[in-house]
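**Q** kindly generate the corresponding structure for this input.
(2 chains)
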Amino acid sequence: MSERKLRDLIAEVKRGCVSRRRFIQTMVGLGLTAPLASQMLTYSGVAQAQPKSTYKPTKRGGGGALKCLWWQGATLLNPHFAVGTKDQEGSRIFYEPLAGWDHEGNLVPMLAAEAPSLQNGGLSRDGLSVTWKLKKNVQWHDGKPFTADDVVFNWEYAADPATASVWIGSYKDVKAEKLDSHTVKVTFPKPTPYWADAFVGTRGMIIPKHLFEAYKGGKSRDAPANLKPVGTGPYKFTDFKPGDMVRGEINTAYHEPNRPYFDSIEMKGGGDAVSAARAVLQTGEFDYAWNIQVEDEILLRMEKGGKGRAEITPGGNIEHMQLNSTDPWTEVDGERASVKTKHPILSDTAVRRALGMLVDRASVQEHIYGRTGVATANFLNNPERFRSKNTKWEFNVDKAAQTLEAAGWKRGPDGIRVKDGKKLKFVFQTSINAPRQKTQAIVKQACQKAGIDLELKAVTSAVFFSSDVANPDTYPKFYCDLQMYTTTMTQPDPELFMDQFCSWQASTKENKWQGRNITRWKSDDYDKAYRAAEGELDPVKRAALFIRMNELAVEDQAVIPVVYRPRVAAISSKLQAPLSGWDNDFWNLRDWYRDA
Amino acid sequence: MSRYLLRRLLIAIPSLLGISVVLFTVLALAPGDPFEELATNPNVPAEVRANLRVKFGLDDPVAVRYVRWFSAMMQGDWGFSFASRIDVDTLILQRLPVTLFVIGSSQLLALLIALPVGVYAATRPYSLFDQIANTLAFIGFSLPTFFTGILFILFFSIYLDWLPFVYRADISATGWRWYWEHLRQAIMPIAVLGLFQGASWTRYVRSAVLDVIRLDYVTTARAKGLGERVVVVKHVVRNALIPVVTLVALQMPAIFGGAIVTEQIFRVPGIGSLLISAILANDTPVIMAVTFVFSCLVILCNLLADMLYGWLDPRISYR
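**A** The predicted model follows:
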């Protein structure tokens, strides 16, 4: 979709011909994130729909205990050290950011009085600053007032490299200053199209200045409040056992009326996903279970009991196959798959295209993942209704065979195609995980019919996903022809996500295989588009560039997207929990309640 | 006696030292990095990870790290967990009571089953009771705990809906309800561990008693006109128990190992589940501390077995 078409579409939203929701869904279909699409609208002057809360209870408390099950227990409760989802969720019970992301990518104010926009003067036209108005009369759990000082302190705390905050990337280049007791201005060093980063969502949880001030920098580990959080959230801290249990009780002074509904909350950790799903769907011992990575068939059987349901939330995770652009079998300067080489067979476009036609995504979805994996052609998520017209997928063994035939790959006596003495033979690796091995088998079968020999390889997850420099079987090394895994998009802005096709990000020995471009795919057009997007202030132009990048990578078959994997949670049938694929599960814990 | 004890304790020191060296080296050589998640997360700049590694001294040579760990350990500082940044001894102390309760009760249950059943079966070999006990014992120790655990959950929790299968260390109830809730949630893990252990011990008790019961002094005791009860309890069981005691004491640490799986299945927040999550997170200080505690237990249990010998058999003396 070109920039002009985008602008036309936005104009239609402005006139009311196209609904805001429809626009965002279309953008998501084109491979953008919902928060980015929503920001595009805000920037173009389309007022943000006041996201309606569906919260019904008319008084605070009285809901009893809310029991949540995480099959990985929270290990720490300081949001600035929370690299794992479990820790972020544990912290989110007590801490709140200025604003969170809802499932449609709307910015929902939490500690902010309103979401900044051009209309209310929160955003500057030049993209160099954003001004946050803070909510008044917000109290920390210990009774102290929440002010702009706390927000500015969080910036100082996170930006200090000695603190070792995991969100330093969002804070180190910006500057936060206090305008008055409840106004904070964030300034950027260069025009920043994606401004809702610092102080927003997971990376934006605000910790109190008065308890952490003495523990900034090198002493960050010693803060007693690391283990006994004092936040502004709907629940107050009562007890924490790392890796096992986080407990909280109702905050009767919470700054939203009639909230929260539950008198206490507990987040129990440990065990495995299947039994976590059982505890919610079959026995009803728990109300909520996070990230239920269970085969859909089993989930459906568990849901029959009627005690709960599996809730599927679209996010940005994609199970995809990568095609190695370099030669993994020749060693150059002490590394295999060096960027100096070219893959002897996969560099043939016909072979790449044929492989793309040999992945039976429909069967993978139908027989393996069900609701938890939706067939897709885009590298970024893609609900079926809004599939991009430019990227299509098809499963066609005959056509694949024809393509190979036309490119000169003739069948040998053993049925495997040969050209110039090179056999069409690949090694295809993935991690050990039942659905992945089944997918491998489906692909192998189709390839065999078309005359391609696949050797399947399964590596134990602990090794495959490690960044161990000494091990040849890790995914960043990619000492293989093909590999498959799920890449997760945790950040709402796609800029970081899309750098995995930039040539300078190639994973090499030189950068200890820390580069994000695992396939070592290289395209000058892509690089140019990415560089342009980095400095592009106009969100519409920027979005068009991202859409183009997605198409470039998928059309050249740098990767073959297989299924898009939404987040799955198990929820007891009466619990109402607004979830979002762009923020933590607990992003809107204040609105959770149980139907009478 | 006390000199013997002192000598044994002194001998234990070099073995513990050796164990700690081996553990530390193996962990240092093993692949993995406690800040793995930071490396794979594109939001986090590489400097954060590098900073943390320097701060926690992970880039130093293994020998230097070992000496640092050892000297800190000598001063009672067990280090802190990389994952939760909490002192390791606090973490272990938090988990210890639950493990001791679950393991202790299961051992008690195992002994309560093994001793009477084993002795009774041995006094009436090849009777119907003996046959049944034998069969059940075979079944019991052939089924691994992870299998029986899941079987129990499926039957008692999901099919019958009687018992909860998620173990919660802190239950917000008071008085009798508190005990009742604790009992309800502990029944399954204790039964799984206890029955498995009890089954194998039954076989040992039976064969030990069978060995003794045929000896001449037992016949003499019977000839003296002593009652069957006295013969069995005072003369037979006491002597038969000697090999059993060794076995029980030596298997103690292995049970902690077996409890790791059971703890994972029932989500018991014990030391075993701490070890598993620490291993998965490459949290070296915690792995070190927990495995070190386990090795201390092995050595202590060995010592305990030797001390019990003397009490059971006065002919054994300590020099």
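
**Q** hey, C-alpha coordinates of stretch A:10-30 in CSV?
**A** Coordinates of each C-alpha in stretch A:10-30 appear next as CSV, following Å, rounded to 0.1, in the frame of the first residue of the first chain:
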residue,chain,number,x,y,z
ILE,A,10,-6.9,8.1,6.8
ALA,A,11,-9.0,10.8,5.2
GLU,A,12,-11.8,8.4,5.0
VAL,A,13,-11.5,7.6,8.7
LYS,A,14,-11.6,11.3,9.3
ARG,A,15,-14.7,11.7,7.3
GLY,A,16,-16.2,8.7,9.1
CYS,A,17,-16.5,6.5,6.0
VAL,A,18,-14.2,4.0,7.4
SER,A,19,-14.3,3.1,11.0
ARG,A,20,-11.3,3.5,13.2
ARG,A,21,-11.3,-0.1,14.1
ARG,A,22,-11.4,-1.2,10.5
PHE,A,23,-8.4,1.0,9.7
ILE,A,24,-6.3,-0.4,12.5
GLN,A,25,-7.2,-3.9,11.5
THR,A,26,-6.2,-3.2,7.9
MET,A,27,-2.9,-1.8,9.1
VAL,A,28,-2.3,-4.9,11.2
GLY,A,29,-3.1,-7.0,8.1
LEU,A,30,-0.3,-5.1,6.3
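
**Q** could you say what helices and strands the helix or strand where B:Gly272 lies packs with?
**A** Per DSSP states H and E, B:Gly272 falls inside helix B:271-280. Here helix B:271-280 touches helix B:88-123, helix B:238-266, helix B:284-312, going by 3 or more C-beta pairs under 8 Å, 6 or more residues apart in numbering or on different chains; DSSP states H and E. Where you see a C-beta, it was placed from the backbone N, CA and C, and this is true even at glycine.

**Q** let me see the ranges of the strands in the stretch 201-350 of chain A.
**A** Assigned by DSSP state E, counting those that start in this stretch, the stretch 201-350 of chain A shows strands spanning A:235-241, A:245-250, A:264-269, A:288-289, A:308-323.

**Q** from chain A, how far off is the nearest residue to B:Leu247 once chain neighbours are set aside?
**A** Residue nearest to B:Leu247 in three dimensions, not counting chain neighbours: B:Tyr204, with 5.7 Å by C-beta to C-beta, 6 or more residues apart in numbering or on different chains. For B:Tyr204, the distance to chain A equals 33 Å [C-beta to the nearest C-beta, to the nearest Å].

**Q** do B:Thr262 as well
**A** As for B:Thr262, its distance to chain A is 12 Å (criterion: C-beta to the nearest C-beta).

**Q** neighbours around that residue, how many?
**A** By other C-beta atoms under 10 Å in any protein chain shown, the residues close to B:Thr262 number 27.

**Q** tell me the contacts of it?
**A** B:Thr262 makes contact with B:102, B:145-146, B:149, B:189, B:192-193, B:268, B:272, according to C-beta atoms under 8 Å, 6 or more residues apart in numbering or on different chains.

**Q** also A:Ser181?
**A** The contact partners of A:Ser181, taken as C-beta under 8 Å, 6+ apart, are A:147-148.

**Q** any idea how far it lies from A:Gly122?
**A** Distance, A:Ser181 to A:Gly122, using C-beta to C-beta, to the nearest Å: 17 Å.

**Q** also B:Met288?
**A** According to C-beta to C-beta, B:Met288 stands 51 Å off from A:Gly122.

**Q** what does the residue in the stretch 301-450 of chain A that chain B sits nearest to show for phi and psi?
**A** Going by C-beta to the nearest C-beta, chain B is nearest to A:Gly305 of the stretch 301-450 of chain A, at 9.0 Å. Backbone torsions for A:Gly305, taken as degrees, to the nearest 10, come to phi -60, psi -20.

**Q** pLDDT score for it?
**A** With respect to pLDDT, A:Gly305 scores 82.

**Q** what about A:Gly143, how many residues close to it?
**A** The number of residues packed near A:Gly143 is 8, by other C-beta under 10 Å.

**Q** pLDDT value on it, please?
**A** The predicted local confidence for A:Gly143 is 92.

**Q** what's the most buried one of the strands of the stretch 201-350 of chain A?
**A** Highest mean neighbour count among the strands of the stretch 201-350 of chain A (mean count of other C-beta atoms under 10 Å in any protein chain shown): strand A:288-289, with a mean of 28.

**Q** partners of that strand in the sheet?
**A** In the sheet, strand A:288-289 lines up against strand A:65-70 (parallel), strand A:559-572 (antiparallel) (DSSP bridges).

**Q** what does that strand contact?
**A** For strand A:288-289, contacts defined as C-beta under 8 Å, 6+ apart pick out A:66-71, A:276-277, A:279-280, A:569-572, A:575, A:577.

**Q** if we go to 6 Å?
**A** With C-beta atoms under 6 Å, 6 or more residues apart in numbering or on different chains as the test, strand A:288-289 has contacts from A:68-69, A:276-277, A:280, A:570-571.
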